[in-house]
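1. Here is a sequence together with a model predicted from it:
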Amino acid sequence: DIQMTQSPPSLSASLGDKVTITCQASQNINKYIAWYQQKPGKAPRLLIRYTSTLESGTPSRFSGSGSGRDYSFSISNVESEDIASYYCLQYDNLPWTFGGGTKLELK
Amino acid sequence: EVQLVESGGGLVQPGRSLKLSCLASGFTFSNYGMNWIRQAPGKGLEWVASISSSSSYIYYADTVKGRFTISRDNAKNTLYLQMTSLRSEDTALYYCARHNYPGPFDYWGQGVMVTVSS
């Protein structure tokens, strides 16, 4: 199974900050990584697929990059509506596996 | 509008069974793979099972293999998860989610809670 090591587990940011979350896969996942946002009591929402492709409706302040085993997800100019937990997902190989999550809080 | 609505959750004793359903609308259900993904209280996400559009391919996480069965009825636009020999560690919010191979899970339901406790 591919392990996804996501860091940091939590992040404190001020409005307007840029924040970055990383996911490292235990093997090459060929850019098949997606990023989800989950707000309390809600289902996860797909923000980015295939490393850097933004879903319709995803604000342009969200971005993704990476290759091989190492990937990152960034939010530039953090807004209050971005306060949530974020998860990466590798969908290159079964079983599909998620990172442990990052909880973004306001400083 | 894509909608996925789960049902069938509840409180069940260890060792007993429960069957979840997910009613889909707003898209051609028979064209998409479907999945169950769960989230234990306060924890992260765990993929549980996947079924292809025509039920030709079915996959399970090792943690549920042999105990859970995923199935679908394309005529009823419904996905199922039959859960047997339930354990306390199966306690979670269970989401159904759509995917279009080779894509990720793009739409999710709101989830249904399963609590395994005596």
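-> Ah, there it is.
2. got the residues of chain A near chain B?
-> A:32, A:34, A:36, A:42-46, A:49, A:55, A:87, A:89, A:91, A:94-101 (C-beta under 8 Å from any C-beta of the partner chain). C-beta here means a position set from N, CA and C on the backbone, and glycine is covered the same way.
3. can you do 6 Å?
-> Residues of chain A found near chain B, taking C-beta under 6 Å from any C-beta of the partner chain as the criterion, are A:34, A:43-44, A:46, A:49, A:87, A:89, A:91, A:94-96, A:98, A:100-101.
4. show me where chain B has strands.
-> Here chain B has its strands, by DSSP state E, at B:3-7, B:10-12, B:18-25, B:33-39, B:45-51, B:58-60, B:68-73, B:78-83, B:92-99, B:105-108, B:112-116.
5. any idea how far the last one is from the chain center?
-> Taking C-alpha atoms, centre = their mean, to the nearest Å, one finds the center of strand B:112-116 at 12 Å from the center of the full chain.
6. which outside residues touch that strand?
-> Contact with strand B:112-116 is made by B:6, B:9, B:11, B:12, B:14, B:20, B:86, B:88, B:90, B:91, B:93, B:94, as judged by C-beta atoms under 6 Å, 6 or more residues apart in numbering or on different chains.
7. Mind exporting the C-alpha coordinates of it to CSV?
-> What follows is strand B:112-116, C-alpha atoms only, in CSV (Å, rounded to 0.1, in the frame of the first residue of the first chain):
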residue,chain,number,x,y,z
VAL,B,112,-24.4,8.3,7.4
MET,B,113,-23.2,7.4,10.9
VAL,B,114,-22.6,3.8,12.0
THR,B,115,-21.9,3.2,15.7
VAL,B,116,-20.9,-0.3,16.8
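8. tell me which residues in that strand are buried?
-> Within strand B:112-116, the residues that count as buried by 16 or more other C-beta atoms under 10 Å in any protein chain shown are B:112, B:114, B:115, B:116.
9. Do you know the pLDDT at the closest residue to the last one other than its chain neighbours?
-> Ranked by C-beta to C-beta, 6 or more residues apart in numbering or on different chains and with sequence neighbours excluded, the top spatial neighbour of residue B:116 is residue B:86, at 4.6 Å. pLDDT for residue B:86: 98.
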